[in-house]
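>>> next come a sequence and a model predicted from it.
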Amino acid sequence: MRIRHTLYRGLRLLPLPLLLSVAAPGFAAEKSPVSSGCQALSDWFPTTPFPDGNAFPQSGTLNNCAFHQWAYQMFLWLGEPSSSDADAPLNFETLAAPDKVLRPGGPDKPYPGRAAGEQPRIMVRLAKSKQTVDANDIFQAGPGAQVLVDQAGNVVYYTGLLNQDFWNFVTANKLYDLSALTSISPTQDFPVNTLELKLSWRVAAILDDQDQPQKVFIPNASTLFHTEKQTVPVVEVINGKVTDNTGKTMRAELALIGMHVVGVVKNHPEFIWATFEHKANAPDCSAVPTGSTSPVAGLPWSLYTPNSPVTVQNQFDVNNPLAVISSCRLAPYGGGNQQNTDNIQSLNASVAPHLSGSVWANYELVGAQWTGGNDAIPGPNGAPLSIQIGSLDLANTTMETFTQDTNCFGCHNGGVHTVTVGNSGQIVPAKHLNLSHFIVNYQAWLQAMQAKQNKQ
C-alpha cells in the first residue's frame, strides 16, 4: 500500500533535500517568536524540530502560551516526512498501534510492531463488547453505541497511535501482563516524551480493487485534506445494534478531520491534552444557524446540517443509529479565560502564513489543557477546576461530539475506572497510568478474560 502524502504539497517552495530533512530533536521554546504575542517560533520553519519535553520551559519562564506552542510544534513535527526518501511516511504515520504492544505476552515484532506498509487498526466507536474493548477502544467518546455519521451519510473512523517512548515504557515494565499492571505503583507516571494520538477520518471516496474512486463524497479531497488510502471495516446495524464486526471491509480514501495530540513534558506527567480540527468540520454553536459552506474554499460542512437550529445539534438517535448527525462546537477554543483564547487565536494566525499552499493550512489548534504540574494528577472525578489550566471546556467535534459538557480530565484521570466488557463491569483501580485509556481499556479486557478463564 502506498500512502498518499499531501502535507507539503505546494508548501514553502524549498529544495527537496532541505524540505525533507528531519531536524535533530530540540524544543524550540527558547527561540524568539516570529513576532509579538503567542506566536509560532522562528526555528519551526522551514522544518519543524521535535519538541523535546525534557527542555520544556520550567518555572520562571512558564506561561499559558508555552503549552499551546508545544502542542502546535508537535502537530507540525508529526506532519514532517520521517526521512529524506521521497516516498517516506510522515512522522505520525510511523507510530505504533496500541494493540501491537498491549497484547498478551507482549509484542511479537520490534517497534512499531508491523511490517512496512501495514496500516494501523481503524475502527468506529461501538458499544463495548468483548470484541471491541481493548487498547484501541478509545474512539468516539460517550456511553454505548454512539456513532458519528457525517453529512454524506458515512460513519467517522478512528485510529489510536503511540510513540516509541510509550512502547518502551510498556515493554520495560511488562505492562502487557495483568500482574504487572495490577502491581505497578499507583503513583507511577509516564516518562517525559510519552506521546499518544487519536485521529478521526471521513470517507472521501469509496475505491475499487484498483484503488480508483468508485463513489466520491469529497471532490478533490487530497487538495484540502490530508488523505490516506486504507482498508476499513464495513459498518452495519445488526439486530438493532451498530457493529463493525461484520467481517466485511472496503477500500476507501480517508480524509483526516481531527487529531488529539497528547504528550508528557517535564514536570507535567498529567500530559498536555491538545486537539486540532479541520476548519470545515462544524461551526461554533453560537453561530448556528449558519450557511451551508465553511470558510475552507467554500466547502460544505463535514458535520453540520446547514441552517439547522441549535436544539438538534450533537444528538444521537438510538432508534436510527446510522442517521446523519448535525454537530456544532459548544466552547470555541475550548473555553478558558480570555488570555487562553487570545493565545490560541494568535498562534493559529502566526502559523497560517507558513502553511500557505499546504493542506495543513486548513487545520487549526482548537485548544489545549493541562494542570498545575508537579504530579497534580486528576483524581476520580477529574482534576478540580482550581488546578486545571488552559482550555477548561475542551472538546473535539469529531471525537467528543456527544460529551462536550465535560473536558479531557473528566474522562482521562488517575481515579477508579469502570469499563464494560461484554456483560461485566470491570473495575480498574486508581493509578496515574489510568490517564491513558489505552492502559485502562486493556487492563479491563485482561481482567475480563481472566475472569472468564476462572469460570471454565
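Received, thanks.

>>> so Pro120 sits in a strand?
No - looking at Pro120 with DSSP: H, G, I helix; E, B strand; the rest coil, it is coil, so not inside a strand.

>>> list the contacts of it.
Leu95, Ala96, Ala97, Arg114, Thr159, Gly160, Leu161 (Cβ atoms under 8 Å, 6 or more residues apart in numbering). Just so you know, the C-beta spots here come from the backbone N, C-alpha and C atoms, and that holds for glycine as well.

>>> what subset of these is buried?
Leu95, Ala96, Ala97, Thr159, Gly160, Leu161 (16 or more other Cβ atoms under 10 Å).

>>> quick check, pLDDT for the last one.
The reference is to Leu161. In this model, Leu161 is scored at 94, pLDDT.

>>> mind listing the strands for the stretch 251-400 of the chain?
268-278, 363-371, 388-390 (DSSP state E, counting those that start in this stretch).

>>> give me the residues contacting stretch 309-322.
142, 144-147, 149, 153, 155, 235, 237, 241-242, 285, 288-289, 304-305, 323, 325-328, 330, 401-402, 404.

>>> now do 6 Å
With contacts defined as Cβ atoms under 6 Å, 6 or more residues apart in numbering, stretch 309-322 is touched by 145-147, 149, 237, 242, 285, 288-289, 323, 326-328, 401-402.

>>> what distance separates the start and the end of it?
From its first residue to its last, stretch 309-322 covers 20 Å (Cα to Cα, to the nearest Å).

>>> any idea which helix is longest in this structure?
In the chain, assigned by DSSP state H, the helix with the most residues is helix 437-455.

>>> tell me what it is packed against?
Helices and strands touching helix 437-455, as assessed by 3 or more Cβ pairs under 6 Å, 6 or more residues apart in numbering; DSSP states H and E, comprise strand 417-421, strand 424-428.

>>> would you turn those into a markdown table with mean neighbour count and mean pLDDT?
A markdown table is the format used below for those (neighbours: other Cβ atoms under 10 Å; pLDDT from 0 to 100):
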| stretch | mean neighbour count | mean pLDDT |
| --- | --- | --- |
| strand 417-421 | 18 | 83 |
| strand 424-428 | 16 | 87 |
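
>>> which one of the ones you listed lies closest to Asn281?
strand 417-421 (28.4 Å; Cβ to Cβ).

>>> relative to Gln69, which of the strands of the stretch 251-400 of the chain is closest?
strand 363-371 (9.6 Å).

>>> can you list contacts of that closest one?
67-68, 71-72, 268, 270, 272-279, 333-334, 344, 348, 383, 387-391, 394, 408.

>>> with stretch 399-414 instead?
141-142, 146, 148, 200, 258, 273, 314, 316, 327, 330, 369, 377-378, 382-383, 393-395, 430, 432, 434-435.

>>> for stretch 432-439, same thing?
Pro98, Ala135, Ile138, Thr187, Asp189, Ile377, His412, Gly414, His417, Val440.

>>> which residue is the nearest non-sequential neighbour of Val192?
Spatial nearest neighbour of Val192, excluding adjacent residues (Cβ to Cβ, 6 or more residues apart in numbering): Gly53 at 4.4 Å.

>>> could you check how far the one you found is from His268?
Gly53 sits 8 Å away from His268, going by Cβ to Cβ, to the nearest Å.

>>> same question for Ile238.
Noted for Ile238: a distance of 44 Å to His268, by Cβ to Cβ.

>>> can you check Gln443 too?
Distance from Gln443 to His268, by Cβ to Cβ: 24 Å.

>>> go on, Thr403?
For Thr403 relative to His268 (Cβ to Cβ), the value is 24 Å.

>>> so between those two, which is more surrounded?
More neighbours surround His268 than the other of Thr403 and His268, with 23 against 17 (other Cβ atoms under 10 Å).

>>> what are the ranges of the helices in this structure?
16-20, 64-78, 164-172, 178-183, 338-351, 408-411, 437-455.

>>> figure out how far the fourth one is from the centre of its chain.
For helix 178-183, the gap between its own C-alpha mean and the chain's C-alpha mean amounts to 27 Å (Cα atoms, centre = their mean, to the nearest Å).

>>> return the set of buried residues in that helix.
Those would be Leu178, Leu181, for helix 178-183 by 16+ other Cβ under 10 Å.

>>> please name every helix or strand in contact with that helix.
Helices and strands touching helix 178-183, as assessed by 3+ Cβ pairs under 6 Å, 6+ apart, are absent.

>>> now swap in the fifth one and tell me
In terms of contact count using 3+ Cβ pairs under 6 Å, 6+ apart, helix 338-351 is assigned the packing partners helix 64-78, strand 363-371.

>>> please repeat the previous calculation with a cut-off of 10 Å.
Packing partners of helix 338-351 (3 or more Cβ pairs under 10 Å, 6 or more residues apart in numbering; DSSP states H and E): helix 64-78, strand 363-371, strand 388-390.

>>> and the angle for the longest one with helix 338-351?
Right, helix 64-78. 30 degrees (axes from the mean of the first three to the mean of the last three Cα atoms, to 10 degrees).

>>> quick one: mean pLDDT over helix 64-78.
So the average pLDDT for helix 64-78 ends up being 97.

>>> run the chain-centre distance for that helix.
14 Å.

>>> could we number from 39 for the rest of this?
I'll keep to 39 as the first residue from here, and by that count the last item is helix 102-116.

>>> lowest average confidence, helix or strand, in the chain?
Ranked by mean pLDDT, DSSP states H and E, the helix or strand of the chain with the weakest confidence is helix 54-58, at a mean of 26.

>>> can you give me the end-to-end distance of stretch 365-384?
Stretch 365-384: ends 26 Å apart by Cα to Cα.

>>> how about it: buried residues?
For stretch 365-384, by 16+ other Cβ under 10 Å, it's 365-374, 378-379, 381-384.

>>> was I right to think His264 contacts Trp398?
Yes - applying Cβ atoms under 10 Å, one finds His264 in contact with Trp398, separated by 7.1 Å.

>>> for the protein, which residues score under the pLDDT cut-off?
39-74, 96-100, 159-183, 417-423 (pLDDT under 70).

>>> let's see that with 80 instead.
39-74, 96-100, 154-183, 278-279, 281-283, 411-413, 416-424, 458, 460-462, 494 (pLDDT under 80).

>>> quick one, what contacts Val247?
Rather than Val, residue 247 is Asp. Asp247 sits next to Arg289 when contact means Cβ atoms under 10 Å, 6 or more residues apart in numbering.

>>> what separation do you get for it and Phe130?
28 Å.

>>> list the contacts of the nearest residue to Asp227 once chain neighbours are set aside.
Closest residue to Asp227 apart from its sequence neighbours, by Cβ to Cβ, 6+ apart: Pro307 at 3.6 Å. Applying Cβ under 10 Å, 6+ apart to Pro307 gives the contacts 225-230, 232, 409, 411-415, 452, 470-471, 473.

>>> list the contacts of the closest residue to Gln157 other than its chain neighbours.
Among residues not flanking Gln157 along the chain, Gln268 sits closest, at 5.5 Å (Cβ to Cβ, 6+ apart). Neighbouring residues of Gln268 by Cβ under 10 Å, 6+ apart: 39, 41, 157-158, 160, 195, 197, 239, 241, 245, 287-292.
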